[in-house]
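Visitor: Just to be clear, the model below is a prediction. Sequence and coordinates:
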Amino acid sequence: MANFGPKDIKKLREMTDAGMMDCKKALTAADGDMDKAVEWLRDQGLGAAAKKAGKVAAEGAIGVKVEGHKAVIVEINSQTDFVAQNDKFKEVLNTVVNHAFENNLPDAEAINASEINGQPFSEYLSLQIATIGENLVVRRAALINGDEKTAVNGYVHSNAQNGVIIEAKCDSEKTAEAMTPVLKEVAMHAAAMAPSTLSYKDFDPKFVEEETKGRIVAIEKENEELRRLGKTEKNIPQYISMSQLTDEVMAAAEEALKEELKAEGKPEKIWDRILPGKIARFISDNTTLDQEQCLLDQKFVMDDSKTVLEYVQEKAKAAGGTADIVHFVRLEVGEGIEVEEEDFAAEVAAQMGK
């Protein structure tokens, strides 16, 4: 006896836009299981949702929601930018963001495995695919859920192509409240400057070593061209990250700077006024990787006289406490998705040859 009825066939048809008989065959093969029926249709290449599910979804939008000490960020991909800008897609994004927020779903896997509005999320998404007419993928998501001493905020860029959520652990509830708008500024900074990690402490030593070699080779090649053109050559740094500036390295650098001052004829009694600036310059010149990729070590876009870390510490001190940014998530639409370039002429030729 079949474990489905006319209502199930109708529901599957609405979800996938497949033919009535195909829906019946799918439910028969799946013994009434709706998810398996959708998979069956997909395997057979039947139905709008089934067909669209095979298309690469590399466009889309980012959604962010922040309330109190909680924030969520979600990336939903579509096949075209055009669809990502329509109201129906935006409604789906908003629904999914709220669903993740209200149910404390920590990632895309949890969202895709959840139930929404009394139905499996996969069914809900299949219905949206059939309605919108393009494949949709809930690709990435993250959740921050802090306590009263946690400052939380987020930002999504006006074009919804990238977004950030961020948290800082504070010494008190009062400091956390004062730091909340500061974190909005830092989230905006992260959206614009695209840091890949929080601190230089997160780098793998092997990565830093290989990156150093690569940068030195690149600058040396550039300098060859500058020499040929009679232009000023670029300085080749010894190091590129604070993780390389050990106590021994810094001691040697200080001695070298003292020798420079001595050679310049600067009186030793004024060295203590000159050295801090030169040491700061040495650090700046030899931490370019950190400045590019580490949030806390980047120059703050709203005040480039300070790093993000220094700006946050300054604001926390002004609020009478301390705050440490411990985590952030930045998502940009389509990061890492490889889209195969379609050769339209070849496709037409292949069709003509059939």
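Guide: Okay, I see it.
Visitor: Sketch out the low-pLDDT regions of this protein for me.
Guide: Applying pLDDT under 70 to the chain flags the ranges 1-2, 16-17, 42, 44-56, 338-354.
Visitor: domain ranges for it?
Guide: By the record's domain assignment, the chain is partitioned as 6-52, 55-145, 200-332 (automatic domain parsing).
Visitor: and A251, how many neighbours?
Guide: Per other C-beta atoms under 10 Å, the neighbour tally for A251 reads 10. The C-beta positions use only the backbone N, C-alpha and C, and glycine is treated the same way.
Visitor: what helix or strand does it sit in?
Guide: helix 247-263 (DSSP states H and E).
Visitor: Can you name every helix or strand that that helix contacts?
Guide: On a contact count with 3 or more C-beta pairs under 8 Å, 6 or more residues apart in numbering; DSSP states H and E, helix 247-263 meets helix 271-285.
Visitor: hmm, who's touching the helix it packs on?
Guide: Here helix 271-285 makes contact (C-beta atoms under 8 Å, 6 or more residues apart in numbering) with 235, 237, 242, 245, 250, 253-254, 257-258, 260-261, 266, 291.
Visitor: quick one, phi/psi of F328?
Guide: Main-chain dihedrals, F328, degrees, to the nearest 10: phi -150, psi 150.
Visitor: For it, give me its contacts.
Guide: V164, I165, I166, E167, V186, A187, A190, P195, L198, L295.
Visitor: which parts of whichever strand or helix holds Q313 are buried?
Guide: With elements taken from DSSP H and E, the one containing Q313 is helix 308-318. Within helix 308-318, the residues scored as buried using 16 or more other C-beta atoms under 10 Å are V308, L309, Y311, V312, Q313, K315, A316.
Visitor: With distance to V182 as added columns, please give the domains of the chain in CSV.
Guide: Below are the domains of the chain laid out as CSV (distance: least, C-beta to C-beta, whole Å):
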stretch, distance to V182
domain 6-52, 43
domain 55-145, 14
domain 200-332, 5
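Visitor: Please identify which of the ones you listed is closest to T180.
Guide: Evaluated with C-beta to C-beta, the domains of the chain place domain 55-145 nearest to T180, the distance being 9.0 Å.
Visitor: Please tell me I have it right and F89 contacts I132.
Guide: Yes: assessed by C-beta atoms under 8 Å, F89 is found in contact with I132 at 6.2 Å.
Visitor: if we can go back for a sec, could you tell me which of the contacts of helix 271-285 count as buried?
Guide: Counted by 16+ other C-beta under 10 Å, the contacts of helix 271-285 give P237, M242, L245, A253, L257, K258, L261, Q291 as buried.
Visitor: give me every residue that touches the fourth one.
Guide: Applying C-beta under 8 Å, 6+ apart, we find A253 in contact with I279, F282.
Visitor: and what of the second one?
Guide: Contact partners of M242, counting by C-beta under 8 Å, 6+ apart, are Y200, I283, T287, D290, D297.
Visitor: who wins for neighbours among those residues?
Guide: D290 leads the contacts of M242 on contacts (other C-beta under 10 Å) with 28 neighbours.
Visitor: which one is that residue nearest to, not counting chain neighbours?
Guide: D297 (3.9 Å; C-beta to C-beta, 6 or more residues apart in numbering).
Visitor: My read is that the one you found contacts E310, right?
Guide: No: the pair D297 / E310 is not scored as a contact, 9.9 Å apart, by C-beta under 8 Å.
Visitor: quick revisit: tell me which of the contacts of F328 is nearest to C23?
Guide: Here the nearest of these to C23, counting by C-beta to C-beta, is I165; it sits at 40.4 Å.
Visitor: if we can go back for a sec, return the member of the buried ones among the contacts of helix 271-285 nearest to V97.
Guide: In terms of C-beta to C-beta, no member of the buried ones among the contacts of helix 271-285 lies closer to V97 than Q291, at 32.4 Å.
Visitor: distance of the closest one from E210?
Guide: 18 Å (C-beta to C-beta, to the nearest Å).
Visitor: what helices or strands is the lengthiest helix in the chain leaning on?
Guide: Longest helix in the chain, counting residues (DSSP state H): helix 205-228. Under the contact criterion of 3+ C-beta pairs under 8 Å, 6+ apart, helix 205-228 touches helix 288-293.
Visitor: The helix or strand following the helix it packs on pairs with which strands, parallel or anti?
Guide: Counting by DSSP H and E, the next helix or strand C-terminal to helix 288-293 is strand 299-300. Sheet pairing for strand 299-300, assigned by DSSP bridges, gives strand 303-307 (antiparallel).
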